[in-house]
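# here's my sequence, what's the structure:
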Amino acid sequence: MLVNWPERVFCNSVARRFILKRQLGSLKAMSGLGPGARCLEIGCGNGNGALHALRAFEPAQYHAIDLDPDMLRLAAAKARNEQRLCLLRGDAQALPFRDASFDAVFNLGIIHHLEDWRRGLAEVSRVLVPGGLFLFEEIYPALYAAPILRDVLAHPRGDRFDGREFRRELALQALALQPGYRESRFTILGVARKAHSVS
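Predicted coordinates:
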């Protein structure tokens, strides 16, 4: 679903850029992902995460999708000199890519916006190569559905997930959570590796 205006304000803020930079630095340390990878970001918004990731990870290609054409226009304006970035309008629940297209998929707080979040994780697994990496920041209802925030921010209300459910679904999608992840009752930041063979 599209984010509403209060969340857009946050996504475009200096605070969010600072958080993204720190989190991507942590994800780089956790993942060991080297230069030259083929990467995808789901729900790229205004492109701040993509630009930080391009600097931090030095991928060969970085595809970034979002549902919102206005946010994609902002991203395109910021990244007009970046040849490795390919922006595309698309839904994380039905990724427009072939199986095993990417070495790494980035999710910077998007899965909880999906009406069918399990489908979103299944799509992440599908487009990753065997042994590929899922680098993610995700938040739980204890944060976004807390009093006041639940009335300000727009999120799907049904079939939400906490940490136990999120980690269980990762495992069901053959995405093995790697050591070093950081989790609280509000958020998780981590890396999962797709199994080399999926039964």
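
# output the below-cut-off pLDDT ranges for this structure.
1-6, 152, 198-199 (pLDDT under 70).

# can you map out the strands along it?
38-42, 61-66, 85-89, 102-108, 128-139, 175-177, 182-183, 187-194 (DSSP state E).

# quick check: closest non-adjacent residue to Ala92.
Distances taken as C-beta to C-beta, 6 or more residues apart in numbering place Ile42 nearest to Ala92, at 4.0 Å, with adjacent residues excluded. All C-beta spots, glycine's among them, are computed from the backbone N, C-alpha and C.

# count the residues that sit near Gly32.
Gly32: 9 surrounding residues under other C-beta atoms under 10 Å.

# next: the one 4 residues further on.
Gly36 is surrounded by 11 other residues when neighbours are defined as other C-beta under 10 Å.

# likewise Arg89?
Arg89: 12 surrounding residues under other C-beta under 10 Å.

# distance of it relative to Ile65?
7 Å (C-beta to C-beta, to the nearest Å).

# same thing with Trp117?
Distance from Trp117 to Ile65, by C-beta to C-beta: 16 Å.

# next: Glu58.
In terms of C-beta to C-beta, Glu58 sits 21 Å off from Ile65.

# neighbour count winner among the two?
Comparing Glu58 with Ile65 by other C-beta under 10 Å, the one with more neighbours is Ile65, at 21 against 14.
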